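Peer 1: predicted model, plus sequence, below.
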Amino acid sequence: MGRSSMAATLIQSPDRVILRNISWQTYQLLIRDFDSDPRVRLTYDRGTLEIRMPLDPHETYKKLLGRLIEAATEELGLEIRSLGSRTCDRADLERGLEPDQCYYIQHEAWVRDVEQVDLSRFPPPDLAVEIDITRSSLDRFSIYADLGIPEIWRYDGQTLTIYGLNDGGYVQRDRSLALSPITATDITHFVSLRFPDRDIQPGLGENSLIRQFRQWLTHPPRP
């Protein structure tokens with residue numbers, strides 16, 4: 001007998017709801033129902049569903065990191081397929097989630113002309129972004145690992161950490177796999193220019209920040 005679509009509801013915080021005993025079929029229906037609402041993030045782990053409604057700081061960091069990644073690929077001469085918060089799931093694993101941003105970079109040519117990427121037939125995105133200001137109630141990293149996503153950038157509101165997939169789990173790395181000249185320290189520095197200590201100085205505007213980042217990529221300071 002399949003799991004019931006009825007579930008106990010647990011409110012974890014103002015930005016999330018946890019539902020238990022949710023079937024895979026119900027999860028797929030909810031993905032379609034919420035498709036027109038970009039504010040909603042779904043994470044599914046073998047019957048448990050988390051529905052998150054990110055707040056403004058989360059969305060601001062998500063977009064800023066996305067712009068930095070996209071600018072980097074342009075300046076480094078790399079092709080990219082941007083898939084935003086597309087659902088990454090597999091029925092055989094009964095697990096799925098929506099990254100804050102995800103990209104094909106190393107495997108961009110494999111999916112360039114594929115209208116809808118089926119993760120049972122194609123590699124997963126090469127890079128995912130996780131904004132983790134309010135920690136998820138589910139182990140999203142284990143879902144990412146099961147899906148085989150090679151690299152995650154996790155930002156906690158202060159520091160960016162880069163993780164690479166290794167033997168079924170993630171290990172911290174100093175440097176990006178997909179964007180090899182870039183380190184976690186570099187990205188942390190540029191994000192901090194947007195949001196410095198507001199009592200000391202105002203932050204840079206987004207476009208000014210991206211211009212500085214592009215200049216740094218093309219004319220890095222000499223040691």
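Peer 2: That came through fine. Not measured: the values here are computed from a predicted model. Numbering: from 1, shown residues only.
Peer 1: would you indicate which residues of whichever strand in the chain runs longest are buried?
Peer 2: Counting residues, the longest strand found in the chain (DSSP state E) is strand 160-166. Buried residues in strand 160-166, defined by neighbour count with 16 or more other CB atoms under 10 Å: 160-163, 165. For the C-beta atoms, the positions are set from N, CA and C on the backbone; glycine is no exception.
Peer 1: ok, and what's touching that strand?
Peer 2: Residues from elsewhere that reach strand 160-166, judged by CB atoms under 8 Å, 6 or more residues apart in numbering: 65, 141, 144-145, 148-155, 170-177, 183-184, 187-188, 191.
Peer 1: ChimeraX command to pick out the buried ones of these?
Peer 2: Paste this into ChimeraX to select the buried members of these, with burial taken from 16+ other CB under 10 Å:
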select :65,141,144,145,149,150,151,152,153,154,155,170,173,176,177,183,184,187,191
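Peer 1: how many residues are close by Glu79?
Peer 2: 12 (other CB atoms under 10 Å).
Peer 1: would you confirm that it belongs to a strand?
Peer 2: No. Glu79 sits outside any strand when classified using DSSP: H, G, I helix; E, B strand; the rest coil, being coil.
Peer 1: contacting residues around it?
Peer 2: Going by CB under 8 Å, 6+ apart, Glu79 touches 73, 105, 108-109, 112.
Peer 1: starting from the longest strand of the chain, tell me which strands it pairs with and how they run.
Peer 2: In the sheet, strand 160-166 lines up against strand 151-155 (antiparallel), strand 169-173 (antiparallel) (DSSP bridges).
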